[in-house]
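J.: need coordinates for the following:
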Amino acid sequence: MCVLYSGSVTNERASEDQDRRETMDVVETSGLSPVDELAFARVLLDSVKSGRRGATLRIYRPAPTLAFGVRDRFLPGFPAAIEAARAHGFTPALRSLGGRAAAYHPGSIVIDHIEPSDSFITDTTTRFSTFGADYAEVLRSLGVDARVGEIPGEYCPGEYSVNVAGRIKAIGTAQRVVAGAWLFSSSVVVTDPDPIRAVLTDVEAALGVAWDPTTGGSISEVSPGITVDAVAEAFASYYGRDRVLTPSSPTPEELAALPEQAAKHAL
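T.: Next up, the predicted model:
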């Protein structure tokens, strides 16, 4: 299920200011499987790099998914980790972006941000640091004690992860850069921490990866009143500050390309 923000401009001056801003497609998807949702980000990346789309955003509320990193598949315990994910009701999938095993579910949102780019593998560290700082500020606007930085023992560790109060990993980020475009993807675990902690405990044990289970969970453990809808709207508003967000649907060409791309992510 896709979670999107819809706003309205209420005065002529605001409309004029909006018209001067660049546009950004906000793609809504529905009825996709967890693997298809993951694969569709790559389909959008291909659309942007080929010039069929410009800047594109997708914010959606995922089904329970255990996204394994490419390095995870080479560990002896990988088959057992796949079965552990399934035992907890999480669909295992292989992501093509960097990082290690990460879990998200309907108490989360996933943000896929795709931009055309003339450069190839440049500015990747800058993107991590910039989005980390910006995303932490989005959460702080909701009263969350959000900080940038890796927590010792966190799952899928990252220097520019966003945590809550230095205790719980809240946002994990990854990116994919190709000739002509880049994709920056983030998962934000907002509520319902127990399934996240439980599935990661068994998956990481199967993989033989040491981690501290107290670092897995959700923002709601520190900010109990927070909701998924509020977080989704806050992120959409962040993107809407500098862009005109234009609702869009998958094109027939994108839907036709999805099965081939999904086959690369299925486990």
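
J.: where does this structure dip in pLDDT?
T.: 1-20, 120-122 (pLDDT under 70).

J.: which stretches in it count as helices?
T.: Along the chain, counting by DSSP state H, helices occupy 12-19, 34-49, 78-87, 124-140, 193-207, 228-240, 252-263.

J.: is it true that Asp242 touches Thr23?
T.: No: if you go by C-beta atoms under 8 Å, Asp242 and Thr23 don't touch, sitting 10.9 Å apart. (Each C-beta comes from the backbone N, C-alpha and C, glycine too.)

J.: who's more crowded, these two?
T.: Thr23 (14 against 9; other C-beta atoms under 10 Å).

J.: what is the more buried one paired to in the beta sheet?
T.: Following DSSP bridges, Thr23 is listed with bridge partners Val244.

J.: dump the residue contacts of it.
T.: Shown in contact with Thr23 (C-beta atoms under 8 Å, 6 or more residues apart in numbering): Gly54, Ala55, Arg243, Val244, Leu245, Thr246.

J.: just give the closest residue to the last one, not the sequence neighbours.
T.: When you say that, I think you mean Thr246. By the measure of C-beta to C-beta, 6 or more residues apart in numbering, the closest residue to Thr246 outside its immediate chain neighbours is Thr23, 5.2 Å from it.

J.: and that neighbour, how far is that from Leu57?
T.: Going from Thr23 to Leu57 by C-beta to C-beta, to the nearest Å gives 11 Å.

J.: residues shared between the contacts of these two?
T.: Leu245.

J.: state the number of residues packed around Pro79.
T.: Residues near Pro79, counting by other C-beta under 10 Å: 12.
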